[in-house]
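Asks: Need the 3D shape of this:
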Amino acid sequence: MDFDDSEDENEEIEMSDDDDDYEQIFLQHELIKRRMLLLITLGATLCIQYYMKYLTKRKVRTSICSGWQYVVEMLNSPGESYRMFRMECVFIRLVKLLMDSYGLRSTRTMRAEEALAMFLWTCVHGHSNRNVQSRFQHS
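Replies: Numbering: from 1, shown residues only. Predicted coordinates for the structure are as follows:
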């Protein structure tokens, strides 16, 4: 009888070891599931942030006055061309000199005068590229 009791104890020990193994495997599986869920959530969050930042397009330069219109307005306003570009009547002569002697050209989307005005406005006032884009409606 003592022999039978020891077998029962061994079976119980083996069963409890098996139960512990299954429980450990189950806990590891649950941990893996939680980590996968966390990674999926993180990936989805990053995708949404990327979409909102880079793929959602909205108008950023919405001024009613285009860059060229702004330049003309400044050149025709007494004192404004000096305050904005630090030159009065010299501006047009400088544009002509740069075009004739140094290859400054108007493009399909921007006149040479506007390009020079952007350059001078940036140098004179120390504005950032983003401010220049916003003021002159060009990127």
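Asks: could you say which helix or strand contains Trp121?
Replies: For Trp121, the enclosing helix or strand under DSSP states H and E is helix 112-125.
Asks: what sits up against that helix?
Replies: Where contact means C-beta atoms under 8 Å, 6 or more residues apart in numbering, the residues beyond helix 112-125 that reach it are 67-68, 70-71, 74, 84-87, 91-92, 94-95, 98-99, 104-106, 127, 129, 132, 135-136, 138. In short, each C-beta sits where N, CA and C put it, glycine included.
Asks: can we see that at 6 Å?
Replies: Outside helix 112-125, the residues that touch it by C-beta atoms under 6 Å, 6 or more residues apart in numbering are Gly67, Trp68, Val71, Phe85, Arg86, Val95, Met99, Leu104, Ser106, Val132, Phe136.
Asks: Show me those residues that map onto strands.
Replies: In strands, defined here by DSSP state E, there are no members of the contacts of helix 112-125.
Asks: Can you turn the buried part of these into a ChimeraX selection?
Replies: Command for ChimeraX, covering only those of the contacts of helix 112-125 found buried under the criterion 16 or more other C-beta atoms under 10 Å:
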select :67,68,71,85,95,104,132,136
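Asks: Quickly list the domain ranges of this protein.
Replies: Taking automatic domain parsing as the domain assignment, the record places the domains of the chain at 1-57, 67-136.
Asks: how about those domains in a markdown table, adding mean pLDDT?
Replies: Shown next, in a markdown table, are those (pLDDT from 0 to 100):
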| stretch | mean pLDDT |
| --- | --- |
| domain 1-57 | 78 |
| domain 67-136 | 86 |
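Asks: Tell me which of these is the most buried.
Replies: Most buried of the domains of the chain, by mean neighbour count (mean count of other C-beta atoms under 10 Å): domain 67-136, with a mean of 15.
Asks: Between its first and last residues, how far does it reach?
Replies: Between the start and the finish of domain 67-136 there is a gap of 4 Å, counting by C-alpha to C-alpha, to the nearest Å.
Asks: likewise stretch 122-136?
Replies: Start-to-end span of stretch 122-136 (C-alpha to C-alpha) is 11 Å.
Asks: before we move on, back to that, check the offset of the helix holding Trp121 from the chain's centre.
Replies: For helix 112-125, the separation from the chain centroid amounts to 26 Å (computed by C-alpha atoms, centre = their mean, to the nearest Å).
Asks: Thanks a lot, catch you later.
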